[in-house]
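> sequence unknown, structure follows:
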């Protein structure tokens, strides 16, 4: 079994290999963008020429609705006059199963986000510390060090840390291409699997994000069926990261892997696992609420034991149990989130189109996958990173180059659009517009 | 390197070895007691003959004071009318450094619990999901699979899961004995270390709980100095789990490892690490608030990256930042906790003494280390477990036998006394008293 040992950091002679290697990914270029923003953050009045953060898939568009609900429901909190009587019981509750009413409400919400077409069983819900914790639990449960998961490119860069770092497992790319809108094909799956076999690496599963981060697209039924039949044929696992399920803002509507299972009586359910969280759909990243939902009983049992390493605060569970049980509220919240995301997406991509920037057609997510290929000086990763440096240092926009997402074609960039208010969005668009104009002028004078 | 592979569970052919092995410890007898309680829990009116839980080191004695503070400080919560304006910012805050004001307040509190003789640097505070998360982070940072930590017996049974399960590291006993009140000696340390070397196991550190769980005793300066000089001589790490630091209810007062460092200019600080949490001292186990405090810069950096797998809810951080910054409140809380624990301890051990049950003399913790050796039918682990079954099934008290804590002498039991009200304590004592009387009668009639 091939297993690449990462180099040790200096000055750590008697620490572990994990502490000494680079697998945490924080030294990767993905975090360079965050550092660029952190050192010069935009503020409308205090720092109007600062960097605008378009590298953070954060959802700020509906927090006002949640805030309003909290104000109206003081009983949901153990910190209010009317709710504090529950303080003692809740503050002491450290059971790794989680509050039963929280798991119930969370399962109900998951179903609702998926159009009410699927019932999730609260007994299969394993609470985790955000999707980060959920992803790592999956890797720990399913693979041994050196074994691998296949992931379609482009994929979320932090998967490299979440799935690989402490578990010692590997991630191998399934190369997807712009020529078919980055869809996963049977050929690409087979090719990635064969390549692993040739390298003598045991493949234990496929991990996909549906909706995709960074593409903002959802999987169609056909692709999901291809995936499910592929992993069944190979007897390997499928992990579906559905963290953006609630951000699908226009047609085609979201189809989760659970629906495919229901249709296919021959599918071995014990191979299928979902990770989810409230960080994106509800914008509650700080509350660290994630879940592993597995159709495999042993995995449920094992993941639950692992959840003691990253449980959700019972204070937060208690609040959310109440909030997610409010049917009327969650119906409105889900609808409003879609509406606001749709509006923002349309506005952003429309203005980009006006200056000739196209995005991959998408229906979900908190970002667009911008095609800046024609702005590259050379059609290489270096050419892409050169353009990124111009974007961040001159244009003062921290977007994320495709190479950070392991995209095999240079020139694509992810731009997040839901982590700012309308005014900041306007400033960002103004900067892009004037940059494109400048580029054209330079292009003209040079010709 | 010797590394014992644990047996796989059935029906998990394609899962990981971790998922398939028994290292989570949930099948160990330690959890049998919890199951016994769960199936027949005592309730004063609904189930007055049920099992009383004395196997849970939970602190319920001061939650009323915290509850009162919360009522008086609605601004500390993002869920109250006056605090909700902070909701958006806090609910979105997922930075693995934690809220700066929380780290500051937490560091201040840690110092205060230790009598104000030590200043903790907020920059060395790494937030974790309870002490469980902190312990695992330590093992991941310091040791590779197969390498070992030494732990003085008796020790906290969940260390076996927390430190070993997902990391693949080992725990090896330092045998301590009742003849010197279970103190760690230089001889015992050297002997454990040598035994590991003979077995070709690399020792990476020593882990101790100070105050000790299950003993309820604190380390004296001399023992701490012995430990610190031992690990310096061997160039291995020292992890001090100080989770019960705030429960020291009578003299001698608590001495943390930090004080020993300050006194010893030759000690290599980079070998010393502390884990701590608010689950015991404040009784807030449900909020999952732990910390790794390391004097090693690389470990701080690495642990912080790992904390993303088990961060504390920002809602909870925000509340505690405010609470722990309230100097007047924490002073009173720390004093009242000690006072109430002292009273409960005195009452409990006093009544036990009246029926001839002695406990190891202790000054800390939420439990006593009861000497029931003279009640054993045979002086073996099996004899101890037989007595335990009588205690749980007939006497209806779930205490914990010493063998669960890897104690090398049969007949010691841990009894928790801070997880119940006065009335339940009275019932528990009544049951013990009548059990001892019955045993004596049987003893008499048999003689």
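Yep, that arrived. Bear in mind the structure is a predicted one, so any value in this text is a computation, not a measurement.

> hey, let's count contacts and neighbours off CA atoms from now on
Will do.

> so who does residue A:316 touch?
Remark: with contacts taken as CA atoms under 8 Å, 6 or more residues apart in numbering or on different chains, residue A:316 is in contact with A:287, B:313, B:315, B:316.

> what helices or strands is the helix or strand where residue A:428 lies leaning on?
Assessed by DSSP states H and E, residue A:428 sits inside helix A:422-446. If contacts are counted by 3 or more CA pairs under 8 Å, 6 or more residues apart in numbering or on different chains; DSSP states H and E, helix A:422-446 sits against helix A:327-354.

> Neighbouring strands - and their directions - for the helix or strand following the helix it packs on?
For helix A:327-354, the succeeding helix or strand toward the C-terminus, using DSSP H and E, is strand A:358-359. Paired strands of strand A:358-359, with direction, are strand A:367-371 (antiparallel) (DSSP bridges).

> what is the mean pLDDT for the partner strand?
When the per-residue pLDDT values of strand A:367-371 are averaged, the result is 98.

> tell me the angle it makes with helix A:327-354.
With axes from the mean of the first three to the mean of the last three CA atoms, to 10 degrees as the criterion, the two stretches strand A:367-371 and helix A:327-354 enclose an angle of 20 degrees.

> Which positions within whatever helix or strand comes next after strand A:367-371 qualify as buried?
Later in the chain than strand A:367-371, the nearest helix or strand by DSSP H and E is helix A:381-390. Of all the residues in helix A:381-390, those buried under the rule 16 or more other CA atoms under 10 Å in any protein chain shown are A:381, A:383, A:384, A:385, A:387, A:388, A:389.

> list the helices and strands helix A:381-390 packs on?
For helix A:381-390, the packing partners by 3+ CA pairs under 8 Å, 6+ apart come out as strand A:400-401.

> per-residue confidence averaged over the strand it packs on?
The average of the pLDDT scores along strand A:400-401 is 96.

> wait, does the helix or strand residue A:141 falls within make contact with chain B?
Assigned by DSSP H and E, residue A:141 belongs to helix A:130-142. Yes: under the criterion of CA under 8 Å from any CA of the partner chain, helix A:130-142 makes contact with chain B via A:130, A:132, A:133, A:136, A:140, A:141, A:142.

> Pull out the buried members of these.
A residue is treated as buried here by neighbour count (16+ other CA under 10 Å); on that basis the buried members of the residues of helix A:130-142 next to chain B are A:130, A:132, A:133, A:136, A:140, A:141, A:142.

> that older thread, quick one: the buried residues of helix A:381-390 as a markdown table, columns for pLDDT too.
Shown next, in a markdown table, are the buried residues of helix A:381-390 (pLDDT from 0 to 100):
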| residue | pLDDT |
| --- | --- |
| A:381 | 96 |
| A:383 | 97 |
| A:384 | 97 |
| A:385 | 95 |
| A:387 | 96 |
| A:388 | 95 |
| A:389 | 94 |
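
> Tabulate these (a markdown table), appending distance to residue B:321.
As requested, those are exported to a markdown table (distance: CA to CA, whole Å):
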| residue | distance to residue B:321 |
| --- | --- |
| A:381 | 44 |
| A:383 | 46 |
| A:384 | 43 |
| A:385 | 41 |
| A:387 | 42 |
| A:388 | 39 |
| A:389 | 38 |
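
> Could you tell me which residues of the stretch 301-447 of chain A lie near chain B?
Taking CA under 8 Å from any CA, the part of the stretch 301-447 of chain A that reaches chain B is made up of A:302, A:305, A:308, A:309, A:310, A:311, A:312, A:313, A:314, A:315, A:316.

> Cross the residues you listed against helices and list the overlap.
Among those, DSSP state H puts A:302, A:305, A:314, A:315, A:316 in helices.

> Once you drop chain neighbours, what's closest to residue A:104?
Counting by CA to CA, 6 or more residues apart in numbering or on different chains, residue A:104 lies nearest to residue A:122, which is 5.2 Å off, once chain neighbours are set aside.

> Identify the residues contacting the one you found.
Taking CA under 8 Å, 6+ apart as the contact definition, residue A:122 lies against A:103, A:104, A:106, A:107.

> Figure out the helix or strand that the last one lives in.
Assigned by DSSP H and E, residue A:107 falls within helix A:100-113.

> now for that helix, which elements pack on it?
In this structure, helix A:100-113 packs against strand A:125-129, helix A:314-325, helix A:327-354, with contacts taken as 3+ CA pairs under 8 Å, 6+ apart.
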